[in-house]
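Colleague: Sequence and predicted structure, then a few things I'm wondering about:
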Amino acid sequence: MATVKKVAVIGSGSWGTALAVMLQKHGHDVVIWSRRQDAVEQMEKERENKEYLPGVLLPEGLSFTAEREKAVKDAEIIILSVPSKAVRQTAIDFSPYLNSNQVLVNVAKGLEEISLKRLSQVIQECAPQCQVCVLSGPSHAEEVAREIPTTCLIASENAETAKMVQEEFMNPRFRLYTNTDMVGVEMGAALKNVMALAAGISDGLGFGDNTKAAIMTRGIAEMSRLGIEMGGKLETFAGLSGIGDLIVTCTSMHSRNRRAGILLGKGKSLAETLAEIKMVVEGVNTVQAAYTLAKEHNVEMPITNAIYEVLFQGKNAEQAVLDLMSRHGKAE
Ligand SMILES: NC(=O)C1=CN([C@@H]2O[C@H](COP(=O)(O)OP(=O)(O)OC[C@H]3O[C@@H](n4cnc5c(N)ncnc54)[C@H](OP(=O)(O)O)[C@@H]3O)[C@@H](O)[C@H]2O)C=CC1
Ligand SMILES: O=C(CO)COP(=O)(O)O
């Protein structure tokens, strides 16, 4: 049974705000930390996150701060919802204020670009005193904030920690499953964003449902090849953080990665695309890490390689599709 918990949400983007809204509405005492005082004041005054989650009322009782210590003091569960590239520095900055009774739930989906580490590994390095969990699954902020039924999973190496978060966060509109396969969960979460870029590019080029089904099916095949090589379990890729998140991200117009892909497919440059989307497009960094990991682990990842070439080597997107289609024939 859920009890009232003090929850701190670090990062006031669309996902952190949506989770904060949901948890506050379901009886928890939630504070959002933003790195910008002006964002704190805007949300406090207008009870709306105009920049990242417009149209959603920020419920009474939800509070805001730009002070790190104030945000996490007394919090029992801390949600880390900053983009992957900010995870290490954010964990370092907060670490002096964190203690061993606190559970850190990472909700960012990506890999650290330089070290190629999973984000839970990065957080554990920077805040070793905390227990680290990962929340993942098919869950666009725009829907969770509006209480559209959603299922996710909460993963931790410690089954009891995952169970505790499951009990506290679950409600009739937000169902959580537990999982202990951190590698599978985090690799699925990160790599699906690369496939969503591919699905978007296909849409932007004017291709059809057949093409998208191909990207998703062959996409999960290469995602799981790498994930298993790194120690993840096949069944995790068949679950919410694998195929589940792949489906939602490749098909939804809420997806920042898919929308970025559509613009790229229509011929916009990467810089123009990122400027237009405004929010974080994790697949762009992840494809670089995945490209390197695939080489290191000697795993064949043709879609990932094609996206890397389109984004960073100036390859024409339509040519990339033709090249993928013209590879030598294989058995499924
Ligand atoms: N949006 C969604 O539906 C979902 C997102 N996710 C994942 O959650 C993570 C966050 O995404 P999302 O909320 O969409 O991102 P947004 O682009 O909506 O917001 C990013 C937030 O992070 C803040 N931020 C950026 N850089 C830093 C930094 N260096 N230090 C502190 N704060 C920083 C931004 O602050 P500022 O305004 O000051 O730049 C902003 O508040 C991503 O990894 C994403 O993949 C996962 C599931 C669903
Ligand atoms: O992870 C997500 C949904 O589960 C969010 O995906 P986008 O970042 O592509 O919007």
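Modeller: Everything's here; your move. Ligands and ions are numbered 1, 2, ... in the order given.

Colleague: Every contact and neighbour count from this point should use C-alpha atoms.
Modeller: Noted.

Colleague: Would you point out which residue is most central in the chain?
Modeller: Centroid check for the chain by C-alpha atoms, centre = their mean gives K109 as the closest residue, at 2.9 Å.

Colleague: and I78, what element?
Modeller: Per DSSP states H and E, I78 falls inside strand 77-80.

Colleague: thinking again about what came up before, distance check, the residue nearest to the centre of the chain against P96.
Modeller: To P96, K109 is 24 Å away according to C-alpha to C-alpha, to the nearest Å.

Colleague: Is F174 bridged to anything, and to what?
Modeller: T150, N171 (DSSP bridges).

Colleague: Surely it and T151 touch.
Modeller: Yes - assessed by C-alpha atoms under 8 Å, F174 is found in contact with T151 at 5.8 Å.

Colleague: By proximity to ligand 2, which residue of the chain wins?
Modeller: Using C-alpha to the nearest ligand atom, S255 is the residue of the chain that sits closest to ligand 2, at 3.3 Å.

Colleague: That residue - how many residues pack around it?
Modeller: If you count neighbours by other C-alpha atoms under 10 Å, S255 ends up with 22.

Colleague: I'd like the distance between it and L246.
Modeller: 11 Å.

Colleague: Quickly list what's touching both of the two.
Modeller: A196 (C-alpha atoms under 8 Å, 6 or more residues apart in numbering).

Colleague: Which SSE is immediately downstream of the longest helix seen in the chain?
Modeller: As assigned by DSSP state H, the longest helix anywhere in the chain is helix 182-204. With elements assigned by DSSP H and E, the helix or strand that comes after helix 182-204 is helix 209-229.

Colleague: which bits of this protein sit near ligand 2?
Modeller: G137, P138, S139, H140, D245, T249, H254, S255, R256, N257, R258, V281 (C-alpha under 6 Å from any ligand atom).

Colleague: correct me, but the third one touches C152?
Modeller: Okay, so that is S139. Yes - taking C-alpha under 8 Å as the definition, S139 is a contact partner of C152 at 7.1 Å.

Colleague: Check whether the nearest residue to N316 once chain neighbours are set aside sits in a helix, strand or coil.
Modeller: Of all residues not flanking N316 in the chain, V310 sits nearest, at 6.1 Å (C-alpha to C-alpha, 6 or more residues apart in numbering). Recorded secondary structure, V310: helix (DSSP: H, G, I helix; E, B strand; the rest coil).

Colleague: Quick check: the residue of the stretch 151-300 of the chain nearest ligand 1.
Modeller: M279 (3.4 Å).
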